[in-house]
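In: fold the following.
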Amino acid sequence: MKCDDVKTKDEIMKKYGLEKSQFSDLVAECELNDEFSTAIIRITGRTYWIHENEWVTFLEDKAAKYHQQKIGRLRRGA
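Out: Here you go, the predicted model:
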């Protein structure tokens, strides 16, 4: 029995409008991030489920860091 926030990769890709290559890159980045690696539940090498709540937190964190970089560059005049 799955938790309510556990989704398949297909459900996540469809819901967030991600292409397979974009999604794969984000999953790899998420797994390498110690803070968010628990968002991905590996069953086998290519089969996994995703904790949607943790996934969204990962994406929000990624967006915030990107935004901070952009603002920092603008302030420095780069």
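
In: helices of this structure, start to end?
Out: Counting by DSSP state H, residue ranges of the helices within the chain are 9-16, 20-32, 52-76.

In: the ones you listed: which one's closest to Ile43?
Out: When these are compared for distance to Ile43 using Cβ to Cβ, the nearest one is helix 9-16, at 11.0 Å. Just so you know, the C-beta spots here come from the backbone N, C-alpha and C atoms, and that holds for glycine as well.

In: any idea how far the closest one is from the chain center?
Out: Taking Cα atoms, centre = their mean, to the nearest Å, the mean C-alpha location of helix 9-16 is offset from the chain mean by 11 Å.

In: thinking again about what came up before, for Gly45, which of the helices of the chain is the nearest?
Out: Of all the helices of the chain, helix 20-32 sits nearest to Gly45, with 12.1 Å by Cβ to Cβ.

In: buried stuff in the closest one?
Out: Buried residues in helix 20-32, counting neighbours by 16 or more other Cβ atoms under 10 Å, are found at 23, 26-27, 30.
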